[in-house]
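Novice: coords please:
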Amino acid sequence: MSGIGSSVRIDHAVVSGTFSLDGETHRVDNNIWVVGDDTECVVIDAPHDVDAIMEVVGERQVRAILLTHAHDDHCRVAPALRERVVAPIMLHPDEKPLWELTHVQDGEGHLWDVDLADGFEVQVAGTTLRALHTPGHAPGAVCFHAPALGCVFTGDTLFHGGPGATGRSFSDRPTLEASIRASLWQLPDDTVVHTGHGDDTTIGAEKAALG
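Specialist: Numbers count the residues shown, from 1 in each chain. All right, here's what the predicted structure looks like:
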């Protein structure tokens, strides 16, 4: 875990499971990111195991479940987590085809609760997370920029070592690189990148590598 600021902090854990798409299944380790203070928080992505997520959340009230995209290793337990903590799932609507590979509509015809869009802001514990629509790895992929914390949560859009994977259904490499240049390269170079898998990096380090 890492603390930032006097009250708002970022808590982190890693959980293991599987990722399945296009008839292939792979073992993966996913990062769990929770942003908040001692009383409230938001959860970024819901991979594999609700109990593991709740170990990071603790007794805090979850204000929202923010999904960077709808690959199954990022959203598989989102509905179960929503039931546990009674908080809305937020996802970009362009992710509907991927979401429906893992989840069906509920009895009311709902898929998730709140549509994300570029510039959508979520407030928690006195700080703001701003959604940046960064399609390419997935059509509705979103990064969450927290300016006051000097970081951005990139899901699978940008990793330590470069852009996320493409070559699977609903992904496109030129679109991904264009998204990164248009949205993420506009952030300060010292912005810490908290990824969906693996180690942190910075915008400046990845900008130098990708060009």
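Novice: what about Val62, neighbour count?
Specialist: 22 (other Cβ atoms under 10 Å). C-beta: built from backbone N, CA, C; applies to glycine.
Novice: repeat for Ala46
Specialist: Count around Ala46 with other Cβ under 10 Å applied: 25.
Novice: give the contact list for the residue nearest the centre of the chain.
Specialist: Closest to where the C-alpha atoms of the chain average out (Cα atoms, centre = their mean) is Thr68, at 3.2 Å. Neighbouring residues of Thr68 by Cβ atoms under 8 Å, 6 or more residues apart in numbering: 44-45, 74, 141-144, 153-157, 196.
Novice: This structure: helices as residue ranges?
Specialist: With DSSP state H, the ranges of helices along the chain come out as 50-57, 72-75, 78-85, 96-102, 173-183, 203-210.
Novice: I'd like those helices written out as TSV, with distance to His26, mean neighbour count and mean pLDDT added.
Specialist: Below are these laid out as TSV (distance: least, Cβ to Cβ, whole Å; neighbours: other Cβ atoms under 10 Å; pLDDT from 0 to 100):
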stretch	distance to His26	mean neighbour count	mean pLDDT
helix 50-57	19	18	98
helix 72-75	9	25	96
helix 78-85	20	18	96
helix 96-102	15	17	93
helix 173-183	19	17	97
helix 203-210	23	16	92
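Novice: how about those, which one is nearest Arg130?
Specialist: When the helices of the chain are compared by Cβ to Cβ, helix 173-183 sits nearest Arg130, at 10.5 Å.
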